[in-house]
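In: Provided below for reference: sequence and predicted model.
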2 protein chains.
Amino acid sequence: MSVDDEAELKELLRARGMRVTSQRLLIQRALRAHAGHASSEQIYELVGSALPGISQQTVYSTLTLLSELGLARRVPVPGGTTRFEARVDDHHHMMCERCGALEDLDARVPVAKALEASRAAGFAPSSAAVTVLGLCAQCAAVKAP
Amino acid sequence: MSVDDEAELKELLRARGMRVTSQRLLIQRALRAHAGHASSEQIYELVGSALPGISQQTVYSTLTLLSELGLARRVPVPGGTTRFEARVDDHHHMMCERCGALEDLDARVPVAKALEASRAAGFAPSSAAVTVLGLCAQCAAVKAP
DNA sequence: CCGTTATTTGGAATTGACCAAAATAGGGTG
DNA sequence: CACCCTATTTTGGTCAATTCCAAATAACGG
């Protein structure tokens, strides 16, 4: 699978006249390996072990690039640092208001209405996602009301 | 209506033993006047004309306070500055991926499923909102595919 | 193997958000 | 009404995330 993904990335890059660099390949791999929602800094650390001289700037721009290529997704999360994920299929998120943990939420929510309404408002929607705010299991257990 | 709102704010403040200050009243008024999603800086500018010596710090803390009192809502934006809005009823948002504009989206989306699923995952949800990503009318018109 | 040019680097600058201490002002009291 | 106590505001600074810029590096077509 990872081979295919690399191949896809390479293709997309070449199709755009962009270069295939080890940084780009490694960052994509790291993002996938993280299997969750990674901040640019987490990716930076992961990749850093394999490519010590890499710069944060490269991580930023590459993650942005991956998002633009459709190989990653920028997760719109409240507060805290921007995170990225390798999942590009539609799914939702829940975020802990206390510790900032971000988790996938697999639930089928009919967002068609939302998309439709946005179009009616002159918007050109590309995606719609639900973000559930609340307390994660750990924080809920700690918090004494 | 604004009188009532001021009254409500005053009540809430007194009930908590907090003080009613001109800054707080003006900031709430500015937030309502903005009728959209205002960044703390926008509020700072709005209020600044009426109260030249005000500081950003006060704007921050007051907006936070209003959120805690339930008179405002904090809307964290992915790659941008946190914004605040006077609407406290549940509603959704659409955000322009190009210019960062944030708009209300009035659509009835059944998020109950999402809340339920999050509970099943051990989460203690407090709210759920849909964020539609895409291009706002202006940016969509400009962008030439 | 070389040259062109996209990328990466490294460092500095910008920005939003927040902390702490001193100055100010709200509001109850005598 | 004047005064005091303490909540707020101000002021000034810190911290972290992100972006800008110019120089160094490396991809890849010829």
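Out: Arrived safely.

In: the helices in chain A, which residues?
Out: For chain A, helices defined by DSSP state H occupy the ranges A:2-15, A:22-34, A:40-50, A:56-69, A:112-120, A:137-142.

In: how big is the angle separating the fourth one from helix A:22-34?
Out: Meaning helix A:56-69. If you take axes from the mean of the first three to the mean of the last three CA atoms, to 10 degrees, helix A:56-69 sits at 70 degrees to helix A:22-34.

In: looking at the helices of chain A, which is buried most?
Out: Comparing these by mean neighbour count (mean count of other CB atoms under 10 Å in any protein chain shown), helix A:22-34 ranks first with a mean of 20. (Each C-beta comes from the backbone N, C-alpha and C, glycine too.)

In: For the longest strand along chain A, list every residue counted as buried.
Out: For chain A, the strand with the greatest residue count under DSSP state E is strand A:124-135. Neighbour-count burial for strand A:124-135, with 16 or more other CB atoms under 10 Å in any protein chain shown as criterion, is recorded at A:Ala124, A:Pro125, A:Ala128, A:Ala129, A:Val130, A:Thr131, A:Val132, A:Leu133, A:Gly134, A:Leu135.

In: Is there any residue in stretch A:44-55 that contacts DNA strand D?
Out: No - using CB under 7 Å from any atom of the strand, we find that stretch A:44-55 stays clear of DNA strand D, coming within 8.1 Å at best.

In: Please report how far the nearest residue to A:Leu135 once chain neighbours are set aside lies from DNA strand C.
Out: What sits nearest to A:Leu135 in space, not counting adjacent residues and going by CB to CB, 6 or more residues apart in numbering or on different chains, is B:Ala124, at 4.3 Å. To DNA strand C, B:Ala124 is 22 Å away according to CB to the nearest atom of the strand, to the nearest Å.

In: same question, A:Gln28
Out: With CB to the nearest atom of the strand as the criterion, A:Gln28 and DNA strand C are 11 Å apart.

In: burial count for the residue nearest to A:Thr131 when sequence neighbours are not counted?
Out: The shortest distance from A:Thr131 to any non-neighbouring residue, by CB to CB, 6+ apart, is to A:His93 (5.3 Å). Other residues lying near A:His93 total 22 when counted by other CB atoms under 10 Å in any protein chain shown.

In: Appreciated, that's everything.
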